[in-house]
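Engineer: sequence below, structure please.
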Amino acid sequence: MLLGDDLLPWLVFAFGGALAVGTGLALLRGRGDPEEGQLERPPTWRSVMMIALGTIAALWGLASLFKG
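Structural biologist: Here you go, the predicted model:
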């Protein structure tokens, strides 16, 4: 099996990190030229919650990797 018994912690770490970093960059950058009906920036509160959730998931996956 690819990555052995550590596949799930690696996936949790990767998806959590991608969620946190991607949402953070989208919050900082925003859209250059939004089309009609699109927001200029993502909603701040939702973005902060997604960054927090992604960070928790990434830390959980990282902790699971070092535990085993």
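Engineer: run through the residues that contact G30.
Structural biologist: E40, R41, P42 (Cβ atoms under 8 Å, 6 or more residues apart in numbering). No exception for glycine: its C-beta is placed from N, CA and C like everyone else's.
Engineer: backbone torsions only: list them for it.
Structural biologist: G30 has phi and psi values of phi 70, psi -170 when expressed as degrees, to the nearest 10.
Engineer: again, but for Q38
Structural biologist: phi -100, psi 150.
Engineer: returning to what we had before: mind putting the contacts of G30 into CSV with secondary structure and distance to G16?
Structural biologist: Converted to CSV, these look like this (DSSP: H, G, I helix; E, B strand; the rest coil; distance: Cβ to Cβ, whole Å):
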residue, secondary structure, distance to G16
E40, coil, 27
R41, coil, 23
P42, coil, 18
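Engineer: of the residues you listed, closest to K67?
Structural biologist: For K67, the closest of those turns out to be P42, at 33.9 Å, with distances computed as Cβ to Cβ.
Engineer: quick check: the gap between that closest one and F13.
Structural biologist: 24 Å (Cβ to Cβ, to the nearest Å).
Engineer: for G30, see how far away R46 is.
Structural biologist: Where G30 is concerned, R46 sits at a distance of 14 Å (Cβ to Cβ).
Engineer: go on, V12?
Structural biologist: Distance of V12 to G30, computed by Cβ to Cβ: 29 Å.
Engineer: can you tell me the closest non-neighbouring residue to the residue nearest the centre of the chain?
Structural biologist: Taking Cα atoms, centre = their mean, the centroid of the chain lies closest to L19, which sits 1.3 Å from it. Spatial nearest neighbour of L19, excluding adjacent residues (Cβ to Cβ, 6 or more residues apart in numbering): G54 at 3.2 Å.
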